[in-house]
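Student: This is a predicted model, with the sequence first.
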Amino acid sequence: MRFSPKVIDMKINFQSDLAARNVLLTHDKMAKIADFGLSTRIYFNTSERKGPAENMVPVSWAALEILRGNTSIIEYSDVWSFGVFMWEIFYVGYAVPYGDKDFNEIIEFLQGGHRLGKPPLCPKHIHELMLECWYENYLYRPTFKQLKTGLKRVANPEQQTTQENDIIVNNLTYSSSMINN
């Protein structure tokens, strides 16, 4: 599995709702992040979002400091969401972050030091980047610039081990057979 450097060259505008549902790919594989405003109406009556209508939060993608009711830390809270976004990508849309946990269960899970597990299609070093995005103390989280540097390793196939490539190819084959059935 090879990632195009164009996909890694995402330009991040801080927007507090970074999730796969808000990412579009252009014809030249440039990722564009947007929020069409529909998500507020779509998720209004579910446990997906929590808070008054004018101040709702996408719970499964929100950083722990936001879930606790604290202020969003501009870049670092979006880095947390970016980690969840990467997790979504490696599950190819077949899993929901935190499964069927409700708001309080998610907070308890995260405060207990737990984080989302490694998706089957995800290389170990990418999951390690995700885990860095989910540090409780936002000061330890990477910046988007640091994430970009870490992701470029994936775009360089010489740095991937043969074993990693074999695992990814086998998982992709298995996943595509699930999709076709």
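Tutor: That came through, no problem.
Student: Low-confidence stretches in this structure?
Tutor: Scanning the chain for pLDDT under 70 picks out 1-17, 35-56, 155, 157-181.
Student: Swap in 80 and give it another go.
Tutor: The chain contains residues with pLDDT under 80 at 1-25, 29-57, 70-74, 93, 153-181.
Student: List the residues that contact P142.
Tutor: V79, L129, E132, C133, G150 (CB atoms under 8 Å, 6 or more residues apart in numbering). Quick note: C-beta positions are derived from backbone N, CA and C, even for glycine.
Student: how far away is the third one from Y138?
Tutor: When distances are taken as CB to CB, to the nearest Å, E132 and Y138 turn out to be 11 Å apart.
Student: if we can go back for a sec, now list the buried members of the contacts of P142.
Tutor: Neighbour counting with 16 or more other CB atoms under 10 Å marks V79, L129, E132, C133 as buried within these.
Student: Narrow the residues you listed to those in helices?
Tutor: V79, L129, E132, C133 (DSSP state H).
Student: and the last one, what is it in contact with?
Tutor: Taking CB under 8 Å, 6+ apart as the contact definition, C133 lies against V79, W80, F82, G83, V84, M86, R141, P142, L147.
Student: quick check, L24 in a strand?
Tutor: Yes: under DSSP: H, G, I helix; E, B strand; the rest coil, L24 falls within a strand.
Student: Which strand residues bridge it?
Tutor: Beta-bridge pairing of L24 under DSSP bridges involves K32.
Student: show me what contacts it?
Tutor: So L24 contacts A31, K32, A34 (CB under 8 Å, 6+ apart).
Student: I figured L25 was touching A34, is that so?
Tutor: No: here L25 lies out of contact with A34, judged by CB atoms under 8 Å, at a distance of 11.8 Å.
Student: which of the contacts of C133 sit farthest apart?
Tutor: Across the contacts of C133, the longest distance by CB to CB is 14.5 Å; it joins V84 and P142.
Student: quick one on the thing from earlier: out of the contacts of C133, list just those in strands.
Tutor: Among the contacts of C133, no residue falls in strands (DSSP state E).
Student: need these in JSON lines with distance to A63, can you?
Tutor: As requested, those are exported to JSON lines (distance: CB to CB, whole Å):
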{"residue": "V79", "distance to A63": "8"}
{"residue": "W80", "distance to A63": "4"}
{"residue": "F82", "distance to A63": "10"}
{"residue": "G83", "distance to A63": "9"}
{"residue": "V84", "distance to A63": "9"}
{"residue": "M86", "distance to A63": "15"}
{"residue": "R141", "distance to A63": "9"}
{"residue": "P142", "distance to A63": "13"}
{"residue": "L147", "distance to A63": "15"}
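Student: just the helices in the protein please.
Tutor: All helices of the chain, identified by DSSP H, fall at 5-8, 38-43, 64-67, 74-90, 103-111, 124-133, 144-155, 162-180.
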